[in-house]
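Asker: Structure of the sequence below:
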Amino acid sequence: MSVHQLSIGDIKCAVLQEGAAFMDRDSVSARYPNVDPPDVAAALGDSEPSGSLNLLFINSGGTRILADVGFGEFGPSGMGGTLQGLDSLGLSPTDVDIVFLTHFHADHIAGFFTPEGEAIYSNAVFVTMQAEWDEWMSRWASSSAEADQQNLARFKALRQRFRFVKAGDEIAPGVSVVDLQGHTHGHAGLLVESGGERLLHVVDLLHQHFQFANIDWHFSFDTDSEIAVQTRRRILQHCVDEEILTLFYHLDFPGLGKVTQEDGTFIWNPAG
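Answerer: Down below sits the predicted model:
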C-alpha cells in the first residue's frame, strides 16, 4: 500500500495505490491491434510495463471524493490498497461523500460491492456520465456471463443513488468533470483547481509510457479507437499548453507529472 499526499491550493488530495499488477511483455505487445507486436516490443525496450492502479482521493472543503474504487479487498491478490490508503488517512469507506466512477472497467469498479452485493461506500452519492451508464447497462444486458448479469442487477438496484453529470459540471468546489470519451463512451476525468494551482486526472487516457510517442496506436480495450486517439491528442496537447500537473491511473506510482513536447512528440516527465 502506498499513499502520496499533495495539496492543490486549499484542496487536499492523495493518490492511493490500489496495487501493482504484473504485466507480461507479450500480452502488452498484443494490446495494440493496429501495430505489429515486434514494434510494440521495440517501443517498450528494456523497460518493464507499467501496471500500477493509482486512485485519486480529494477533500474539497470537507467533501470527500474518491475517483474509482479499484478491485477492492475481495479482488485479485495484491489489490485492495485503496481501503488501506483511506485507513492511513484516518478514513473508512463510510466517510466518502462522493464516488466518481470514471468508467466501468473492472479495475475501476470491482471494489464497489461486498461479495454479498452490498455497496461498500454506503453513505456516498455515486456520480458518473450518462453515456457511461448507458453503455454498460446495454453491454451487461446483452451478455449471458454470470458476472455481467450480477453487475447489471447490482447497479440497477442502486440507480436512484446515481447522479449523472456532463463535462464541465462541478461536483464539489473546485472539482469539475472532464470529457475523455473514446476509451469508453462516457470515460471522464476530473480537474481540480484552487489558489491558481491545478491537477488534471486523465485516468486511462493511455496505459504505458511508450504511448506518449505513439499516440495513434489503438488500444484493445478502447470502445472507439479512433475517438480515443483524437481525445488522447487533444488532452495531451492541452496538458502541454497549460503546463498542468497530470495524473494517470496506470503509470508508475504515483502517476503524477507533466507532459512536454519536443519536435512534435509528447514526452512524460514524472514528478520528482
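Asker: you'd agree S50 is in a helix?
Answerer: No: read with DSSP: H, G, I helix; E, B strand; the rest coil, S50 is coil and lies in no helix.
Asker: count of residues packed around it?
Answerer: 21 (other CB atoms under 10 Å). In this view, the C-beta of every residue, glycine as well, is placed from N, C-alpha and C.
Asker: tell me the contacts of the most centrally placed residue in the chain?
Answerer: In the chain, the residue lying closest to the centroid (CA atoms, centre = their mean) is V203, at 3.2 Å. Applying CB atoms under 8 Å, 6 or more residues apart in numbering, we find V203 in contact with A67, D68, T102, H103, L180, H183, H187, A188, G189, F248, Y249.
Asker: Look up how far A110 lies from the first one.
Answerer: What it means is A67. The spacing between A67 and A110, counted by CB to CB, to the nearest Å, is 15 Å.
Asker: Have a look at those two and say which one is more surrounded.
Answerer: Under the criterion of other CB under 10 Å, the comparison of A67 against A110 puts A67 first, with 26 against 19.
Asker: Give me the pLDDT for that one.
Answerer: Note on A67: pLDDT of 98.
Asker: separation between it and V165?
Answerer: Counting by CB to CB, the gap from A67 to V165 is 13 Å.
Asker: correct me, but T223 touches H185?
Answerer: Yes: contact criterion CB atoms under 8 Å: T223 and H185 qualify, at 5.9 Å.
Asker: Find the residues that touch each one of those two.
Answerer: Jointly contacting T223 and H185 under the rule CB under 8 Å, 6+ apart are E135.
Asker: Strands - which of the contacts of V203 land there?
Answerer: Among the contacts of V203, the ones falling in strands (DSSP state E) are A67, A188, G189, F248.
Asker: What does A157 show for phi and psi?
Answerer: Main-chain dihedrals, A157, degrees, to the nearest 10: phi -70, psi -20.
Asker: quick one on the thing from earlier: out of the ones in strands among the contacts of V203, the closest to F22 would be?
Answerer: F248 (18.6 Å; CB to CB).
Asker: so that closest one bridges to which residues?
Answerer: V203 (DSSP bridges).
Asker: quick one, helices of the stretch 1-150 of the chain?
Answerer: 25-29, 37-44, 81-88, 106-109, 130-141, 146-157 (DSSP state H, counting those that start in this stretch).
Asker: returning to what we had before: and the furthest pair within the ones in strands among the contacts of V203?
Answerer: By the measure CB to CB, A188 and F248 form the most distant pair in the ones in strands among the contacts of V203, at 14.6 Å.
Asker: follow-up on the earlier one: redo the helices of the stretch 1-150 of the chain as CSV? Include mean neighbour count and distance to G9.
Answerer: Listed next are the helices of the stretch 1-150 of the chain as CSV, based on neighbours: other CB atoms under 10 Å; distance: least, CB to CB, whole Å:
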stretch, mean neighbour count, distance to G9
helix 25-29, 14, 37
helix 37-44, 15, 37
helix 81-88, 20, 22
helix 106-109, 20, 27
helix 130-141, 16, 29
helix 146-157, 14, 34
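Asker: closest to L199 out of those helices?
Answerer: Closest to L199 of those, according to CB to CB: helix 81-88, at 17.1 Å.
Asker: which strands and helices sit next to that closest one?
Answerer: Helices and strands touching helix 81-88, by 3 or more CB pairs under 8 Å, 6 or more residues apart in numbering; DSSP states H and E, are strand 11-20, strand 52-60.
Asker: Tally up the residues packed near the residue lying closest to V202 once chain neighbours are set aside, please.
Answerer: Spatially, and ignoring its direct neighbours in sequence, V202 is nearest to G189 (5.0 Å; CB to CB, 6 or more residues apart in numbering). Neighbours of G189 under the rule other CB under 10 Å: 26.
Asker: ok, now the one 10 residues further on?
Answerer: By the criterion of other CB under 10 Å, L199 has 24 neighbours.
Asker: what helix or strand does the nearest residue to it once chain neighbours are set aside sit in?
Answerer: In this structure, L199 finds its nearest non-sequential neighbour in V192, 4.3 Å apart by CB to CB, 6+ apart. Using DSSP states H and E, V192 maps to strand 188-194.
Asker: Provide the contact partners of that strand at residue level.
Answerer: 8-11, 13, 56, 58, 60, 65, 67, 100, 102-103, 128-129, 132, 165, 167, 171, 174-181, 198-203, 205.
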